[in-house]
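1. my questions concern the predicted model and sequence given below.
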Amino acid sequence: MAARGKYEPLWLELVTVAAFCAFLFFYGLGAFGLVGADEPRYAQIAREMLARHDWVTPVLNGVPWLEKPVLYYWGAMLSYSVFGVCDWAARVPSAVMASAMVLVTYFFMRRFRPGSQLDAALITASLAGVIGFARAASTDMPLTATFTIAMLAWYAWFETRQNRWLAGFFVFLALGTLAKGPVAPFLAVLIVFPFLIARRDWTALRLTLWLPGLLLYFAVALPWYVLVQHANPQFVRVFIFEHNLARYGTNMFQHRQPFWYFGPVVLLALMPWVAFAIVALVKALRESLSRRSSFELFFGLWAILPIIFFSFSQSKLPGYILPAMPPFAILVAEHLLRRMDEGNEPSLWLAALHSLVGAALLGFALLSAYFVLKVKVIPTAEWIAAIVGIAVFFGMLTAIYARGVRTIRLATLIPLVLAMAFVIKVASPAIDVKNSQRPVADRLSEIAKPGMPVATTDVPRTVDFGLEFYRNQRVSDYAEGGVPMGDHIVIGRPGVEQAIVSMTNGRKVIPLGSFPPQNLEFYLVTTR
């Protein structure tokens, strides 16, 4: 790392940032298929919107799907237009948004905290939570990226009082509202107002409510909301009351978790920088109280307040606290640079803990296929993982303890890159066959005639949503009365044959094979 105010040439740092974004966010984006319920569902909604040439109403199986706003769908529609409809194209919008967030973080730090900009950008890009959601077809990264850019713009205005930054704050806050709804402005208020109140800066509080900025916000965010409400009168009830207020205040969507749920989630999302992130946050909050440092106070509040707020939610999912991850990265970068400038090297225990996390990350990657599928893609995988992990631990510890802070970036990123490369090139087939419906759809295409109706029974909804994307057809669910009238394929668990006969009023049921990795059986239901 360079001393404050001195850094590498702009072109070299930008090439470095771009290379890491390209690898961490884009490389092997389709190595395994869409997983879970959200990825294939959002991908299919964008496909149907594109087919209908409808840029207003999200639609799934021809029915309005009003759970989320439209920003992700717009990005996926553009991606499909360029690359064609496929699973990796559905993930491109998140990867692009994550890259934009990292680049803006770099330029923000170069302008306002020179010397730590490269570390801030690379640490942000290499957080496990950021990598995971940057490679997912979901609304979480579009919200996090736009919200992060908005908050950086606001702090730039706070330091300079130049209204162009405040205009950027309102524009990107509006994009965040298009990404996931009113949570974007709410989180901004949750962070900015306590920060200004703690500083007793009533002038900045008043100036933040800048009328031209508010008009910009509504000019960007409001048109789509007006159009979608006009086309779908149920939108306000479904989106605002059910998927925002009820989602937070009730367990309507069956995502109840204990109050402490986000503690482990945050620790995992901050890997491999979790040790330094905790130390940096504690020191930042301590210094903000003792020295009344605006920078440390603002980013410290940004890091902790969203986590506290969502801990009270009755519905919890990992992506909820993703907007709180970038400030941790910025605080770590500032903390490391200050340590180097002051000649204050990390303690042995901190260096050891950081090295242990880096080694564990690579070791877990080497065993990822075994954890997912209980299959060793390489012989004696556990011994190789243990040996590599021990070597990485002592290698990182020796480098950090011998050379100090200046080696932390390189010592941390090398194991991370190796872990990513192994997962993408070696472990991804196991992830694909166990967690994605892509291989199930491939198997189905071998036994089902093109266009034949498909139904499921006694399987997770992830199977329905995944097959709907990969087969581009509606998949009926027996449990919801979705029994097709004619011949069709049913996918279920082993032993459901008699239940299928009963639910189809005695139709003939013919076993067609199985897909053991996901414990699925295929049946032909026919009247002949």
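-> Nice, thanks for sending it over.

2. separation between residue 245 and residue 313?
-> Here residue 245 is placed at a distance of 11 Å from residue 313 (CB to CB, to the nearest Å). C-betas here are computed from N, CA, C, even on glycine.

3. cool, residue 31 as well?
-> Applying CB to CB, the value for residue 31 to residue 313 is 33 Å.

4. comparing those two, which residue is more hemmed in?
-> residue 313 (20 against 17; other CB atoms under 10 Å).

5. and the average pLDDT for the helix or strand containing residue 215 is what?
-> Secondary structure assigned from DSSP states H and E places residue 215 in helix 211-231. Here helix 211-231 scores 97 as its mean pLDDT.

6. what residues does whatever helix or strand comes next after that helix touch?
-> Following helix 211-231 in sequence order, the next helix or strand is helix 235 (DSSP H and E). Residues outside helix 235 that contact it (CB atoms under 8 Å, 6 or more residues apart in numbering) are 66, 228, 229.

7. show the model's pLDDT score for residue 402.
-> Value for residue 402, per-residue pLDDT: 81.

8. poorly predicted segments of this protein, please.
-> Applying pLDDT under 70 to the chain flags the ranges 1-7, 246-255, 290-291, 370-379.

9. try it again with 50
-> Counting by pLDDT under 50, the low-confidence segments of the chain come to 1-3, 5.

10. look through it and tell me its longest helix.
-> The residue-count maximum for a helix in the chain (DSSP state H) belongs to helix 87-112.

11. show me which positions of stretch 350-369 end up buried.
-> Under the neighbour-count criterion of 16 or more other CB atoms under 10 Å, stretch 350-369 has 351-363, 365-369 buried.

12. tell me if residue 21 really is in a helix.
-> Yes. Under DSSP: H, G, I helix; E, B strand; the rest coil, residue 21 falls within a helix.

13. surely it and residue 125 touch.
-> Yes. Residue 21 is within contact range of residue 125, at 5.8 Å (criterion: CB atoms under 8 Å).

14. quickly list what's touching both of the two.
-> Jointly contacting residue 21 and residue 125 under the rule CB under 8 Å, 6+ apart are 98, 102.

15. the residue of the chain most remote from its centre: what's its closest spatial neighbour, skipping adjacent residues?
-> Within the chain, the residue lying farthest from the chain centre (CA atoms, centre = their mean) is residue 528, at 48.0 Å. Nearest residue to residue 528 in three dimensions, chain neighbours excluded: residue 508, at 7.0 Å (CB to CB, 6 or more residues apart in numbering).

16. what's the neighbour count on that neighbour?
-> The number of residues near residue 508, taken as other CB under 10 Å, comes to 13.

17. do the same with residue 70
-> Residues near residue 70, counting by other CB under 10 Å, number 22.

18. tell me the contacts of it?
-> 55, 56, 58, 178, 224, 228.

19. which of the residues you listed count as buried?
-> Looks like these have 56, 58, 178, 224, 228 buried, using 16+ other CB under 10 Å.

20. how close does the closest residue to the first one other than its chain neighbours get to residue 301?
-> This points to residue 56. Sequence neighbours aside, residue 227 is the residue nearest to residue 56 in space, at 4.8 Å (criterion: CB to CB, 6+ apart). As judged by CB to CB, residue 227 and residue 301 stand 35 Å apart.

21. who's more crowded, the two?
-> Set residue 227 next to residue 301 and count neighbours by other CB under 10 Å: residue 301 wins out with 21 against 15.

22. wait, doesn't the residue farthest from the centre of the chain sit right on residue 487?
-> Yes. The criterion here is CB under 8 Å, and residue 528 meets it with residue 487 at 7.5 Å.

23. what does the following helix or strand past the longest helix of the chain contact?
-> Moving toward the C-terminus from helix 87-112, the next helix or strand (DSSP H and E) is helix 117-126. Taking CB under 8 Å, 6+ apart as the criterion, the residues outside helix 117-126 that touch it are 1, 7-8, 13, 16-17, 20-21, 24-25, 98, 101-103, 105-110, 113, 130-131, 272-273, 325-326, 329-330, 332-334, 336-337, 409, 412-413, 416.

24. mind giving me the packing neighbours of whichever strand or helix holds residue 465?
-> Using DSSP H and E, residue 465 sits in helix 461-471. Helices and strands touching helix 461-471, by 3 or more CB pairs under 8 Å, 6 or more residues apart in numbering; DSSP states H and E, are helix 38-52, helix 438-447, strand 454-457, strand 475-477.

25. tell me which of these approaches residue 257 most closely.
-> helix 38-52 (16.8 Å; CB to CB).

26. just the CA atoms of the closest one, as CSV, please.
-> In CSV, the C-alpha atoms belonging to helix 38-52 read as follows (Å, rounded to 0.1, in the frame of the first residue of the first chain):
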residue,chain,number,x,y,z
ASP,A,38,-35.5,-16.5,-6.9
GLU,A,39,-32.9,-16.8,-9.6
PRO,A,40,-34.9,-18.8,-12.2
ARG,A,41,-38.1,-16.9,-11.2
TYR,A,42,-36.6,-13.5,-11.8
ALA,A,43,-34.9,-14.7,-15.0
GLN,A,44,-38.1,-16.1,-16.4
ILE,A,45,-40.0,-12.9,-15.5
ALA,A,46,-37.5,-10.8,-17.5
ARG,A,47,-37.8,-13.3,-20.4
GLU,A,48,-41.6,-13.0,-20.5
MET,A,49,-41.5,-9.2,-20.2
LEU,A,50,-39.1,-9.1,-23.2
ALA,A,51,-41.3,-11.5,-25.2
ARG,A,52,-44.3,-9.3,-24.5
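
27. next, the buried residues of that helix.
-> Within helix 38-52, the residues that qualify as buried are 38-50, counting by 16+ other CB under 10 Å.

28. stretch 23-33 too?
-> Going by neighbour count (16+ other CB under 10 Å), the buried part of stretch 23-33 is 23, 24, 25, 26, 29, 30, 31, 32, 33.

29. among the residues you listed, which ones are in strands?
-> With strands taken from DSSP state E, there is no overlap with the buried residues of stretch 23-33.

30. which residues of the protein fall in strands?
-> Assigned by DSSP E, the strands in the chain fall at 59-60, 63-64, 454-457, 475-477, 488-492, 508-515, 520-526.

31. what lies in contact with the fourth one?
-> Applying CB under 8 Å, 6+ apart, the contact partners of strand 475-477 are 453-457, 461, 463-464, 467-468, 482-484, 488.

32. can you list these in TSV and add distance to residue 71 and neighbour count?
-> Below are the contacts of strand 475-477 laid out as TSV (distance: CB to CB, whole Å; neighbours: other CB atoms under 10 Å):
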residue	distance to residue 71	neighbour count
453	33	19
454	31	23
455	33	23
456	31	22
457	35	19
461	24	13
463	28	21
464	25	23
467	26	24
468	22	23
482	31	15
483	37	19
484	35	17
488	36	19
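
33. can I get these in a markdown table including distance to residue 318?
-> Converted to a markdown table, the contacts of strand 475-477 look like this (distance: CB to CB, whole Å):
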| residue | distance to residue 318 |
| --- | --- |
| 453 | 35 |
| 454 | 30 |
| 455 | 31 |
| 456 | 26 |
| 457 | 29 |
| 461 | 18 |
| 463 | 21 |
| 464 | 22 |
| 467 | 25 |
| 468 | 24 |
| 482 | 30 |
| 483 | 35 |
| 484 | 36 |
| 488 | 36 |
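
34. ok, so of those, who is nearest residue 422?
-> For the contacts of strand 475-477, the closest approach to residue 422 (CB to CB) belongs to residue 463, at 28.2 Å.
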